[in-house]
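Asker: okay, predicted coordinates and the sequence, questions at the end:
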Amino acid sequence: MKPRQTDFLSELASPAGSSETLTEGAVLLRGFALAEAQALVHAIEEIGAQAPFRHLVTPGGYRMSVAMTNCGRTGWVSDESGYRYDAVDLGSGTPWPPMPGLFVQLAAAAAREGGFPDYDPDACLINRYEPGSKLSLHKDKDEHDPIAPIVSVSLGLPAVFLWGGLRRADRPHRIRLESGDVVVWGGPARFIYHGVAPLAEGDHPLTGACRLNLTFRKVW
Ligand code: SIN
Ligand code: FE2
């Protein structure tokens, strides 16, 4: 599949199966996870039954509007003492549920498509957005591997993904992400600022009134 440079002229979705280069090291794979979407949602429900979604508190004391859980060898957490990875779900005191094989295979296939062969993620943060939930501009910098990509899978309600630059002040582009879309960013794009605009109300056959997102990471 030959990537084409996206023009950001509109939020119109390009056809499933297409691949757009966002910036060097970052690609948007339209519909890449569509075939597995139902199975992914089912697996997320099982993970959520073991490690419930919760609204983490930022080091500054704010309750995040996105509800989160994790699977994998380690999981991303936040509280008053800071952002970090922890092998244990502090809610239960037990390790995070293992990453299902389907997750690993999908993440590795998407990474390969994005130019990152041999991707072996050890963490998967699972985000649940209700209408109004948002993720402010940030870069993912708590991982020790500075090259391996973040692989982000969208499920359910559409969202507006904010894709900025290497500086927080860089004005972000707005990209509409649909269920099944996958974004991969690593190498020179690994520390690009990104976020998610407040989720609009809606009802999706797969997830009802919410959006689910998986972000795979190589932490160690
Ligand atoms: C994230 O940046 O961790 C999540 C991105 C998304 O929900 O699309
Ligand atoms: Fe992120």
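Answerer: Cool, the structure landed. Ligands and ions are numbered 1, 2, ... in the order given.
Asker: going by C-alpha atoms from here, please, whenever you check contacts or count neighbours.
Answerer: Will do.
Asker: show the pLDDT at Asp203.
Answerer: At Asp203, the model reports a pLDDT of 98.
Asker: next, the contact list for it, please.
Answerer: Contact partners of Asp203, counting by C-alpha atoms under 8 Å, 6 or more residues apart in numbering, are 157, 209-210.
Asker: just say helix, strand or coil for the residue in the chain that ligand 1 sits nearest to.
Answerer: With distances taken as C-alpha to the nearest ligand atom, the chain approaches ligand 1 most closely at Asn213, which sits 5.0 Å away. Local secondary structure at Asn213 is given as strand here, using DSSP: H, G, I helix; E, B strand; the rest coil.
Asker: what residues are up against it?
Answerer: Asn213 makes contacts with 126-128, 152-155, as judged by C-alpha under 8 Å, 6+ apart.
Asker: what of Arg63?
Answerer: Taking C-alpha under 8 Å, 6+ apart as the criterion, Arg63 is in contact with 55-57.
Asker: if I look at the residue lying closest to Gly187 once chain neighbours are set aside, how far off is Thr23?
Answerer: Excluding its sequence neighbours, the residue lying closest to Gly187 (C-alpha to C-alpha, 6 or more residues apart in numbering) is Ile147, at 4.4 Å. Using C-alpha to C-alpha, to the nearest Å, we find Ile147 at a distance of 15 Å from Thr23.
Asker: ok, Leu155 next?
Answerer: Computed with C-alpha to C-alpha, the distance linking Leu155 and Thr23 is 23 Å.
Asker: neighbour-wise, which of those two wins?
Answerer: The residue with the greater number of neighbours, taking Leu155 and Thr23 and applying other C-alpha atoms under 10 Å, is Leu155; the counts read 27 against 17.
Asker: could you give the bridge partners of that one?
Answerer: For Leu155, the residues forming beta bridges with it (DSSP bridges) are Leu212.
Asker: just checking, what packs against the helix or strand encompassing Ala111?
Answerer: Mapping Ala111 onto the secondary structure by DSSP states H and E places it in helix 101-113. Using 3 or more C-alpha pairs under 8 Å, 6 or more residues apart in numbering; DSSP states H and E as the contact criterion, the elements in contact with helix 101-113 are strand 150-156, strand 182-185.
Asker: what subset of the contacts of Asn213 is buried?
Answerer: Applying 16 or more other C-alpha atoms under 10 Å to these, the neighbour count classes 126-128, 152-155 as buried.
Asker: cool, thanks, signing off.
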